[in-house]
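A.B. asks: fold the following for me, if possible:
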Amino acid sequence: QVQLVESGGGLVQAGGSLRLSCAASGRSFDAYAVGWFRQAPGKEREFVGACNWSGGTTRYAESVKGRFTVSRDNSKNTVYLQMNSLKPEDTAAYYCAAGPVTTAAWDEYGYWGQGTQVTVSS
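C.D. replies: Numbering: from 1, shown residues only. You can find the predicted model right below:
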């Protein structure tokens, strides 16, 4: 069982940066891949990025590639989403999720956090 808690969301101007954290508790967190997803009001859940158990393999949605970076520190049981050059269309609730594989498919992740809101003003 893994519990995930996101933090770091907030209000930022377009062009700014935020770093989200996903803190995990429970057994064997360092065995899991972690994905980040987002969901804006009235829209479907969208894959943002993910990393494997070590952080050595990452993948990103085209919409954030080059602006967002996923990393992890297993000694702190924490995964990060560094978001730079933020745009108003990045506004959404952001969720981290843990699962067995590094994938963009949300239904492959069995553990989810409660989400943190990111709002980017123009």
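A.B. asks: pLDDT score for the closest residue to Lys43 other than its chain neighbours?
C.D. replies: Distances taken as Cβ to Cβ, 6 or more residues apart in numbering put Ala92 closest to Lys43, at 7.7 Å, once the chain neighbours are dropped. C-beta here means a position set from N, CA and C on the backbone, and glycine is covered the same way. Ala92 is assigned 98 on the pLDDT scale.
A.B. asks: what pairs with Ala92 across the strands?
C.D. replies: Beta-bridge pairing of Ala92 under DSSP bridges involves Val118.
A.B. asks: isn't it up against Val118?
C.D. replies: Yes - between Ala92 and Val118 there is a contact under Cβ atoms under 8 Å: 6.2 Å.
A.B. asks: now list whatever residues contact both of the two.
C.D. replies: Listed as contacting both Ala92 and Val118 by Cβ atoms under 8 Å, 6 or more residues apart in numbering are Arg38.
A.B. asks: which residues sit against stretch 11-23?
C.D. replies: Outside stretch 11-23, the residues touching it (Cβ under 8 Å, 6+ apart) are 4-10, 34, 36, 76-88, 94, 96, 113, 116, 118-122.
A.B. asks: and the residue nearest the centre of the chain?
C.D. replies: The centroid of the chain falls nearest to Trp36 when counting by Cα atoms, centre = their mean (2.7 Å).
A.B. asks: so what sits opposite it in the bridge?
C.D. replies: So, taking DSSP bridges as the rule, Trp36 has Gly49, Cys96 as bridge partners.
A.B. asks: wait, isn't it in contact with Val48?
C.D. replies: Yes - under the criterion of Cβ under 8 Å, Trp36 makes contact with Val48 at 4.2 Å.
A.B. asks: phi, psi of Arg38?
C.D. replies: Backbone torsions of Arg38, given as degrees, to the nearest 10, read phi -140, psi 160.
A.B. asks: for it, what are its contacts?
C.D. replies: Per Cβ under 8 Å, 6+ apart, neighbours of Arg38: 45-46, 48, 90, 92-95, 118.
A.B. asks: can you give me the helices for the chain?
C.D. replies: Under the criterion DSSP state H, the chain carries no helices.
A.B. asks: out of the contacts of Arg38, which are buried?
C.D. replies: Applying a neighbour-count criterion of 16 or more other Cβ atoms under 10 Å, the buried members of these are 46, 48, 90, 92-95, 118.
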